[in-house]
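Chemist: Structure here, sequence nowhere to be found:
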């Protein structure tokens, strides 16, 4: 199972698994399906009384790959059908690979039996890219464009300021190029600050203890790193150390509150989207 937030490459990895299985086992019947497609096929099979054909298609394959399993969160009947499909494939020693937006233990809407089956296999979490990976992604996206390469200093600036997923990085490059074309200006760091002001303003900034130490020492006119030394500190350095500790703890509490608020907002949006889908398009049998 692969899980992680939006834009971390779960679907791309699943497509890579599919291509690898097809290449390594050309005689296998590998089924790649989204959870929405699985649900639609299941509902259609129930309406047309063709469940036997539906089950034969999914339970007699050599490998089943299912994307966006969280789509089944509020669909109890489809979850039960997928659970029986999972058990049938597992009993025959077949491979099952799924992606989801959260860890199985955090999926409250999954049936306990389904969560237990998912935990029985390998569970891999995907995190947003780090700074070096973001820079490599920006270089790759910049090289593929017909508008030419973006300067290395601009790419490094974007990689250091933006901490979102791949789509956000790609969108920043598009916005930067379009803004430069409209204003007839070269793409440089100053243009990036102006064109991406709103995006950079809402980007998550990571403040480490070294940053707090450097800021306090600069204001109190102390040598850099003096606050973190455990010996030879005078009264002024001790007060600076207290101030560093207070600033760091305050920043940590604010970051925790911001993260919890963001997570709550994301969960609320997800539930509103599910309710709209349930009210407008969810079949009764699912």
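Modeler: Good, I have the coordinates. Since we're looking at a predicted model, the values are computed, not measured.

Chemist: pretty sure residue 61 is in a strand, no?
Modeler: No - when classified by DSSP: H, G, I helix; E, B strand; the rest coil, residue 61 is found to be coil rather than part of a strand.

Chemist: Count the residues that sit near it.
Modeler: Applying other CB atoms under 10 Å, we find 21 residues neighbouring residue 61. Using the backbone N, CA and C atoms, a C-beta is placed for each residue, glycine as well.

Chemist: My read is that it contacts residue 33, right?
Modeler: No - judged on CB atoms under 8 Å, residue 61 makes no contact with residue 33 at a distance of 10.0 Å.

Chemist: Return every residue with contacts to both of the two.
Modeler: Common contacts of residue 61 and residue 33 (CB atoms under 8 Å, 6 or more residues apart in numbering): none found.

Chemist: quick one, helices of the stretch 51-200 of the chain?
Modeler: Remark: helices assigned in the stretch 51-200 of the chain by DSSP state H, counting those that start in this stretch are 51-59, 76-91, 112-119, 131-144, 152-161, 166-183, 189-195, 197-201.

Chemist: In CSV: those helices, plus mean pLDDT.
Modeler: Conversion of the helices of the stretch 51-200 of the chain to CSV gives the following (pLDDT from 0 to 100):
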stretch, mean pLDDT
helix 51-59, 95
helix 76-91, 94
helix 112-119, 90
helix 131-144, 85
helix 152-161, 88
helix 166-183, 88
helix 189-195, 87
helix 197-201, 77
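
Chemist: Of the ones you listed, which is nearest residue 5?
Modeler: Comparing the helices of the stretch 51-200 of the chain against residue 5 with CB to CB, the closest turns out to be helix 166-183 (11.4 Å).

Chemist: hmm, who's touching the closest one?
Modeler: 7-9, 129, 134, 137-138, 141-142, 145, 147, 150, 154, 158, 162, 186-187, 191-192, 194-196, 199.

Chemist: who's in contact with residue 7?
Modeler: With CB under 8 Å, 6+ apart, residue 7 has these contacts: 128, 164, 165, 166, 167, 168.

Chemist: Next: residue 79.
Modeler: Counting by CB under 8 Å, 6+ apart, the residues that residue 79 touches are 72, 110, 111, 114.

Chemist: And it, how far from residue 144?
Modeler: To residue 144, residue 79 is 40 Å away according to CB to CB, to the nearest Å.

Chemist: now do residue 34
Modeler: Taking CB to CB, one finds residue 34 at 26 Å from residue 144.

Chemist: more crowded one of the two?
Modeler: residue 34 (17 against 9).

Chemist: Report pLDDT for residue 202.
Modeler: On pLDDT, residue 202 comes in at 64.

Chemist: which among the contacts of helix 166-183 end up buried?
Modeler: Listed as buried from the contacts of helix 166-183 are 7-9, 129, 134, 137-138, 141-142, 150, 154, 158, 162, 187, 191-192, 195-196, 199; burial here means 16 or more other CB atoms under 10 Å.

Chemist: what residues are up against residue 214?
Modeler: residue 224.

Chemist: Could you check which helix or strand contains it?
Modeler: Using DSSP states H and E, residue 214 sits in helix 209-220.

Chemist: How about that helix, which residues are buried there?
Modeler: Quick answer for helix 209-220 (16+ other CB under 10 Å): 212, 213, 216, 217.
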